[in-house]
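K.L.:
Just a sequence and a predicted model for now, questions to come.
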Protein chains: 2
Amino acid sequence: MNLNCTALSRADLEALKVKYEAEYRKLADLKLDLNMARGKPAPSLLDLNTAIFEQMDDLDAADGTDCRNYGVLEGLPEMRKFFGDVLNIDPERIIIGGNASLNLMYDAIARLYCFGTSKTPAWRRKKQLKFLCPSPGYDRHFAITAEFGFQMIPIEMREDGPDMDTVEKLAASDPAIKGIWCVPLYSNPQGICYSDEVVARLGKMKTAAPDFRIFWDNAYGVHHLYGKTELADIFEACEKGGHPDRPYYFFSTSKITLPGAGVSMMAASYDERQFILKHMGIQTIGHDKVNQLRTLRFLKDADGLTAQMEKLAAALRPKFEIVIKTLDRELGGTGLAEWTSPRGGYFVALDTLDGCAAETLRLAKIAGVTMTGAGATFPLKKDPRDRNIRIAPTYPTCEELQMAMDLFCICVKLAGVRKLLGEY
Amino acid sequence: MNLNCTALSRADLEALKVKYEAEYRKLADLKLDLNMARGKPAPSLLDLNTAIFEQMDDLDAADGTDCRNYGVLEGLPEMRKFFGDVLNIDPERIIIGGNASLNLMYDAIARLYCFGTSKTPAWRRKKQLKFLCPSPGYDRHFAITAEFGFQMIPIEMREDGPDMDTVEKLAASDPAIKGIWCVPLYSNPQGICYSDEVVARLGKMKTAAPDFRIFWDNAYGVHHLYGKTELADIFEACEKGGHPDRPYYFFSTSKITLPGAGVSMMAASYDERQFILKHMGIQTIGHDKVNQLRTLRFLKDADGLTAQMEKLAAALRPKFEIVIKTLDRELGGTGLAEWTSPRGGYFVALDTLDGCAAETLRLAKIAGVTMTGAGATFPLKKDPRDRNIRIAPTYPTCEELQMAMDLFCICVKLAGVRKLLGEY
């Protein structure tokens, strides 16, 4: 059982500091060079997908389309059906994209900015644009809205999703607020899952902007580590609420098959989809159908995907367990940190004492462990309390991960004790 | 030897009309169903690329990058070197894109519109935007500038490229003119190649807009049918002219390997490339590197590409020769049409008598041959003289192509004779 550092005397803290400094130096002397900064799958996870490169003798889609040639802007029918089956979405809502859903999200914001929606004018004409950003969240989401000049409003995350009281109040009162970023299942970085109530409130809330858009990035929608977590249907929620055009749904196989060569999709209302396809048809003749075919032949169908995800989960669970067990053992009861225990996704989020995240990561970096930068999980990379740290356990091997976590915990303790001593 | 219809008496024309109508009906009775509308390669051409699907045992790039995973925004070094070697461009100018250079062009216009250039502000702030459009040209180019609200100014095409006297005069006098679309080698649809003088003048001309951009879509840069045609270096020309940031160069393997799953690239000045990568890095983590690797392993190097293009040329030459021979035989000397005899590329362009293109294509369509729509090769699909027709011989088999050309020629003759008779 660890001591609660926040209740210790100054003398005890000084003694602990000396002890932690010695432990830190010992680990630093190992001269590790580990990178836990990015949510990348490990090569061993990608090896599970080798069959995707099997000889492609036949390049015809089910309807006879020669996938090598031009065309089929909205994606192969069987690819849309596949995503529809997996995510319980009408394929007629779905558009297949290129190798990355991030690109679809960027293009969606760019399209709203330049051309508006099927029913409202271009956003660029507005004097001010704002976006709700549940935080901590995904840095690349925030980078997109920053790029297009949105003022980003951080929204606190609760156990069941963003703080909906604040979301509703802000969205209802300010027409400059045009949308919200959501990772509804196993959120990046906390692994939080949106409750049915949160989804329902997002669907029915009043917004001052008639063209408010929910960017529903269900990146980890099938990344269950301990059995399936259900997610309410955002299309149904928005239709019930009388706002059918509100959600833009994103998903991809990047963290299922190949991160650099996955197949992405977006889904929207029927009106919005038509509008999007009209503009996308100026941008491209069609995305890579060969890769769609290859991905489909590998995953086969929704059941095939589930089987594949179980293999991935079996490989990822030990990594998540190393993280959680080490945090429990080293930091449990110290009062120096709190963390989440996600049941899926790609990350664990940890909060240090206020003002300790940057120092913790500085110590880790010096000792050879690079982690996602402090503040990265907040809009403009500014964590107002300098406390959130994203732990990405998927890339290192279990052995590397254990070493990195041991070092990381010492850094949290050392930075925390020094903070309590008023050293910075 | 054909009669010169434009010099015939009314009685002779009436007699010809009766003859052509009979010939037309005879061919229409065959109930053909041929599509010559799109510049798609035939399946038999794509079969030349089957080796691209060989087992990918090793997914590492030359520098050890695991191509399955995220990253390498600017594209694999060996892919940039390959395009550099093929096109004589410094790889440090090059960015690799996704499966289509059209997408890179759209995104480039969107970026200029939203964010401007490395040295000048966003184009969207301007009251008026104009673009020079050498015509006939590529409909999808014009669709992009139409999408972003540019007023498009058609520029007449000469034997050696666009009418540079007009280009220079307009570009120098009007700051709203922001750029020009160019297909400098075997232009779509005429197959015209830009002379060294035209390239030099494009590079050195004064433009009222400081951020004038040349969209240099060298789509057919290696598609020689009868030996290599040299193209002057647009980067060198613009640097000599004191306008290093002026050219955006585009190319892809779409019409080399797989149209739907090629590898695209753009190249620019070093300053512009840096600016573009900064914004592209918000849009995506990286394009499909597995496809880059696959394409490279298939084409190998610049010599491998040349060998591959010779195979393609051998398959395409008979098709182009069917088109030209049939036009010569059926329409030569009639005064009813003029056409180009390209030494490469994907198209042949034909001009009917003024006002006859739409009627010619209508007759062809009724009789079972669909061709690119009348006007498609002009901005806003409006051919001011209704005379230009794009012939796309690549997709049909030689047998189909011969039937289609026989019918097409009858349609040109019938529409022409009727026009001379004042029937429409």
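P.N.:
Structure received.
K.L.:
contacting residues around residue A:98?
P.N.:
Residue A:98 makes contact with A:104, A:264, A:287, A:288, B:98, B:99, B:287, B:288, according to Cβ atoms under 8 Å, 6 or more residues apart in numbering or on different chains. For the C-beta atoms, the positions are set from N, CA and C on the backbone; glycine is no exception.
K.L.:
Out of these, list just those in strands.
P.N.:
Those of those mapping onto strands are residue A:264, per DSSP state E.
K.L.:
Any chance of JSON lines for the contacts of residue A:98, columns distance to residue B:206?
P.N.:
Formatted as JSON lines, the contacts of residue A:98 follow (distance: Cβ to Cβ, whole Å):
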{"residue": "A:104", "distance to residue B:206": "41"}
{"residue": "A:264", "distance to residue B:206": "44"}
{"residue": "A:287", "distance to residue B:206": "40"}
{"residue": "A:288", "distance to residue B:206": "42"}
{"residue": "B:98", "distance to residue B:206": "36"}
{"residue": "B:99", "distance to residue B:206": "38"}
{"residue": "B:287", "distance to residue B:206": "36"}
{"residue": "B:288", "distance to residue B:206": "41"}
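K.L.:
is any part of stretch A:311-325 close to chain B?
P.N.:
No - using Cβ under 8 Å from any Cβ of the partner chain, stretch A:311-325 stays clear of chain B, with a minimum separation of 13.9 Å.
K.L.:
Touching that stretch from outside, list them.
P.N.:
A:42, A:44-45, A:48, A:223-226, A:256, A:339, A:341-342, A:348, A:391, A:393-394, A:396, A:398, A:401-402, A:405.
K.L.:
what's the nearest residue to residue A:380 once chain neighbours are set aside in contact with, if anything?
P.N.:
The shortest distance from residue A:380 to any non-neighbouring residue, by Cβ to Cβ, 6 or more residues apart in numbering or on different chains, is to residue A:146 (6.4 Å). Residue A:146 is in contact with A:152, A:379, A:380, counting by Cβ under 8 Å, 6+ apart.
K.L.:
Could you dump these into CSV and include pLDDT, neighbour count and secondary structure?
P.N.:
Listed next are those as CSV, based on pLDDT from 0 to 100; neighbours: other Cβ atoms under 10 Å in any protein chain shown; DSSP: H, G, I helix; E, B strand; the rest coil:
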residue, pLDDT, neighbour count, secondary structure
A:152, 98, 21, strand
A:379, 97, 23, helix
A:380, 95, 14, helix
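K.L.:
how much space between residue A:244 and residue B:23?
P.N.:
Residue A:244 is 56 Å from residue B:23, where distance means Cβ to Cβ, to the nearest Å.
K.L.:
these two touch, right, residue A:142 and residue A:376?
P.N.:
No - using Cβ atoms under 8 Å as the test, residue A:142 is too far from residue A:376 to be in contact (9.1 Å).
K.L.:
give the contact list for residue A:149.
P.N.:
By Cβ under 8 Å, 6+ apart, the neighbours of residue A:149 are residue A:129.
K.L.:
can I assume it sits in a helix?
P.N.:
No - assessed with DSSP: H, G, I helix; E, B strand; the rest coil, residue A:149 is coil; it does not lie in a helix.
K.L.:
Spell out which residues of the stretch 51-200 of chain A are next to chain B.
P.N.:
Contacts of the stretch 51-200 of chain A with chain B, taken as Cβ under 8 Å from any Cβ, map to A:53-57, A:59, A:66-72, A:98-100, A:102-103, A:106-107, A:110, A:113-115, A:124, A:140, A:143-144, A:147-148.
K.L.:
Of these, select the buried ones using a PyMOL command.
P.N.:
Here is the PyMOL command that selects the buried residues among those (16 or more other Cβ atoms under 10 Å in any protein chain shown):
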select buried, chain A and resi 53+56+59+66+67+68+69+70+72+98+99+100+102+103+106+107+110+113+114+115+124+140+143+144+147+148
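K.L.:
Can you list which of the residues of the stretch 51-200 of chain A next to chain B are found in helices?
P.N.:
If you go by DSSP state H, those have A:102, A:103, A:106, A:107, A:110, A:113, A:114, A:115, A:140, A:143, A:144, A:147 in helices.
K.L.:
Of those, just say which sits nearest to residue A:230.
P.N.:
Among these, residue A:102 lies closest to residue A:230 (Cβ to Cβ), at 25.6 Å.
K.L.:
Go ahead and confirm the closest one touches residue B:286.
P.N.:
No - look at residue A:102 against residue B:286 with Cβ under 8 Å: they stay out of range, at 10.0 Å.
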